[in-house]
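Novice: kindly generate the corresponding structure for this input.
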Amino acid sequence: MNLKDKVVVITGASRGIGAAAARAFADAGAKVALVARSEAAIGALAQEIGPSAIALPCDVASYGDFAATLAEAQERLGPLDVLIGNAGVLAPISHLAEADPEAWGTTIDVNLKGVFNGMRAAIPGMIARGQGTIITVSSGAAHGPVEAWSSYCASKAGAYMLTRCADKEARDKGLRIMGLSPGTVATDMQRDIKASGINPVSQLDWSDHIPPEWPAQALVWMCTPDADEFCGADVSLREEDIRKRAGLI
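Specialist: The predicted structure follows:
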């Protein structure tokens, strides 16, 4: 895909992978809509990027809010070409027997329902146009249990299955739907994990984490035909071959 003037909506764009992805897609020539709850942060980032970026505050856990935001993005920028579902939370970092039910449910609302809401709002228009790419930022936690991350693991596993379901239903209608499992990334989420002191991930040194610019560049690469073979699956950035194909090494 030539990304020049393509319309890309990125959730969780206020920081970390989402902010890095916004810069990467803009650098590739795309028009980007930055979506997050933090209006100030995405506003500042849109100003930094320039005229090709707009900031749209939104709670992805609300379908009505997400659908209205997507409609506004398309009204201002044009028909949607790419949806990057990156918004995610990890709390509570807690053993299941002690987890706060409200916090546990919030993670499901953002990480799982948020992915569904985006797909549900974007897919009909993409099918009508016969094209579109949806990439959800996944995790190794979607495929294996991690101590004290029950809400995160359950939500990411559910989002991975949503990717597979959406691909099964929409690939033959021209849509490309897949996930990116980036590994451990040097973001604020990792600082929270480190502070928890629970499970082996919290024991990793900061130097073990990849910079957010790596998954951002991988997301841009995944919008090209070179990644078509991964439709309906998670692409793992831990694999050296994937890093090579994405131009990271």
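Novice: buried residues in the longest helix belonging to the chain?
Specialist: For the chain, the helix with the greatest residue count under DSSP state H is helix 150-170. Residues of helix 150-170 classed as buried: 150-160, 162-164, 166-167, 170 (neighbour count, 16 or more other Cβ atoms under 10 Å). For glycine as for every other residue, the C-beta is placed from the backbone atoms N, C-alpha and C.
Novice: so which elements touch that helix?
Specialist: Packing partners of helix 150-170 (3 or more Cβ pairs under 8 Å, 6 or more residues apart in numbering; DSSP states H and E): helix 101-108, helix 114-129, strand 132-137, strand 175-181.
Novice: setting the sequence-adjacent residues aside, check what's closest to G140.
Specialist: S181 (5.7 Å; Cβ to Cβ, 6 or more residues apart in numbering).
Novice: the one you found and L237 touch, don't they?
Specialist: Yes. Using Cβ atoms under 8 Å, S181 is in contact with L237, at 6.6 Å.
Novice: which of those two has more neighbours?
Specialist: Shown here are S181 and L237; by other Cβ atoms under 10 Å, S181 has more neighbours (24 against 20).
Novice: who's the more buried one bridged to?
Specialist: In this entry, S181 is beta-bridged to S236, by DSSP bridges.
Novice: pLDDT at the residue nearest the centre of the chain, what is it?
Specialist: Nearest to the geometric centre of the chain sits N86, at 2.0 Å (Cα atoms, centre = their mean). Note on N86: pLDDT of 96.
Novice: any figure for the gap between it and R171?
Specialist: Per Cβ to Cβ, to the nearest Å, N86 is found 22 Å from R171.
Novice: quick one: low-confidence ranges for the protein?
Specialist: The model of the chain has pLDDT under 70 over residues 1, 186, 188, 204-208.
Novice: so where do the helices sit in the protein?
Specialist: 16-27, 39-49, 63-77, 101-108, 114-129, 150-170, 188-196, 213-222, 240-245.
Novice: as CSV, the ones you listed with distance to V8 would be great.
Specialist: Putting these into CSV (distance: least, Cβ to Cβ, whole Å) gives the following:
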stretch, distance to V8
helix 16-27, 5
helix 39-49, 12
helix 63-77, 9
helix 101-108, 25
helix 114-129, 12
helix 150-170, 18
helix 188-196, 22
helix 213-222, 9
helix 240-245, 20
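Novice: of all those helices, which one is nearest L56?
Specialist: helix 63-77 (4.9 Å; Cβ to Cβ).
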